[in-house]
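> how would this look folded up:
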Amino acid sequence: MDSVSTLILVISLIIIMTGMGLSLTLGDFKRVLEFPKAIFVGFLNQIILLPLIAYGLIKFYNVNDSIAMGVMILSACPGGPTSNLVTHLAKGDVALSVTLTAINSILTIISIPIIVNFAVDDFTAGSDIVKSPVSEIIAVLLAVIALPLTIGMFLRRKKPELAKKMDRPVRIASMLIIVLVIVGIVIKEMAQLVERITESFLIVISLNISTMVIGFFTARLFRLNFKQSLTISLESGNQNGTLAIQISSLINLTFGFPAAVYSLFMYVTAAIPIWIGNKINDKDELRD
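This is a model prediction of the structure:
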């Protein structure tokens with residue numbers, strides 16, 4: 001990826017994560033004490049099970065190393081910036097969604113370098129071309145996650161009216177940026193597009209659907225209520241594709257194709273739990 005594209009991607013992520021910070025308060029981090037079991041199940045699905053499921057699917061489909069790397073990087077970037085919006089549309093537990101986003105945004109600063117380093121060692125062992133730039137990854141994560149989140153939360157605390165006015169425009173801008181990033185990578189790599197989509201479509205759709213299903217039933221297994229289970233399902237299936245593309249660009253831009261394909265289709269599959277959530281909530285409201 002050239003320097004201009006890299007700069008645009010970094011700025012895009014900073015805007016997205018600052019917008020996320022505008023919607024967070026310290027209370028969102030403290031809320032873990034209010035429903036620790038739900039937070040634990042969310043952590044289990046997003047930080048532990050998601051990479052394990054991705055690894056299992058890689059072995060099952062026997063994809064090439066480039067797709068395998070891309071899928072593992074994608075699985076290391078849970079909690080997409082629009083997960084709170086999707087949860088709201090599904091009439092899920094928005095407070096839980098926001099809390100999981102807040103907690104996992106911090107945890108991934110530690111987990112992403114570990115998972116990416118494992119993937120590089122496993123799928124590109126012996127390659128002199130592909131190296132795991134752990135220090136660069138950590139620097140990027142601090143620059144595009146920790147710092148923007150802090151700035152957004154600071155603005156919300158010190159300038160609540162300004163933060164409130166900025167929240168909606170930044171959310172809209174964030175969604176447009178995600179689309180533009182995906183369109184940009186598609187245009188840049190047009191020559192490989194059909195081949196890459198063909199190679200990665202089945203595995204990324206399998207990853208999306210399986211993580212949503214497992215997320216829901218894991219939550220039910222732990223006796224969480226329907227709204228919490230639906231929320232964990234959506235959080236598990238909503239990945240931060242923009243961040244995955246940025247991490248991929250530090251190693252090899254072609255690793256970002258699974259994230260681009262995933263980002264294109266995850267909102268389509270999310271329509272099903274959104275529809276189910278609305279139907280069940282409508283029935284509950286009628287009973288009341």
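> what's the spacing between Tyr262 and Asn117?
Per CB to CB, to the nearest Å, Tyr262 is found 21 Å from Asn117. Placement of C-beta: from N, CA and C, glycine included.
> Tell me which of those two has more neighbours.
Using other CB atoms under 10 Å as the criterion, Tyr262 and Asn117 rank with Tyr262 on top: 27 against 15.
> so what pLDDT did that one get?
Tyr262 carries a pLDDT value of 89.
> Please name the nearest non-neighbouring residue to it.
Leaving out its chain neighbours, the residue that sits closest to Tyr262 by CB to CB, 6 or more residues apart in numbering is Val204, at 4.3 Å.
> Would you agree the one you found is in contact with Val268?
No: applying CB atoms under 8 Å, one finds Val204 not in contact with Val268, separated by 11.9 Å.
> how about low-confidence regions in the stretch 101-250 of the chain?
Where the stretch 101-250 of the chain drops to pLDDT under 70, the residues are 125-133, 171, 174-175, 178, 181-182, 184-186, 188-196.
> tell me which element the closest residue to Lys91 other than its chain neighbours falls in.
Among residues not flanking Lys91 along the chain, Asn281 sits closest, at 4.3 Å (CB to CB, 6+ apart). Element membership of Asn281 [criterion: DSSP states H and E] is helix 257-287.
> Show me what that helix is packed against.
helix 65-75, helix 83-89, helix 160-188, helix 190-221, helix 226-237, helix 241-249 (3 or more CB pairs under 8 Å, 6 or more residues apart in numbering; DSSP states H and E).
> Output the ones you listed as a markdown table; include the columns mean neighbour count and distance to Pro51.
Below are these laid out as a markdown table (neighbours: other CB atoms under 10 Å; distance: least, CB to CB, whole Å):
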| stretch | mean neighbour count | distance to Pro51 |
| --- | --- | --- |
| helix 65-75 | 27 | 5 |
| helix 83-89 | 22 | 18 |
| helix 160-188 | 15 | 22 |
| helix 190-221 | 18 | 10 |
| helix 226-237 | 27 | 12 |
| helix 241-249 | 27 | 12 |
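> Please name whichever of those helices is nearest to Ile138.
Evaluated over those, closeness to Ile138 peaks at helix 241-249, with 10.9 Å, by CB to CB.
> Which other helices and strands does the closest one contact?
So helix 241-249, by 3+ CB pairs under 8 Å, 6+ apart, packs with helix 3-22, helix 65-75, helix 134-141, helix 160-188, helix 257-287.
> and the third one with helix 65-75, angle?
Meaning helix 134-141. Between helix 134-141 and helix 65-75, the angle comes out at 40 degrees (axes from the mean of the first three to the mean of the last three CA atoms, to 10 degrees).
> out of everything not next to it in sequence, what's closest to Ala95?
Arg31 (6.6 Å).
> I'd like to know how many residues surround that neighbour.
Neighbour tally, Arg31, other CB under 10 Å: 20.
> what's the helix or strand for Leu147?
helix 147-158.
> ok, back up a step: the residue nearest to Lys91 contacts Gly92, correct?
No: applying CB under 8 Å as the test, Asn281 and Gly92 come out as separate, 9.1 Å apart.
> These two - which one has more neighbours?
Neighbour totals were compared for Asn281 and Gly92, and Gly92 leads with 27 against 16 (other CB under 10 Å).
> Now do the phi/psi pair for the more buried one.
Per-residue torsions, Gly92: phi -90, psi -160 (degrees, to the nearest 10).
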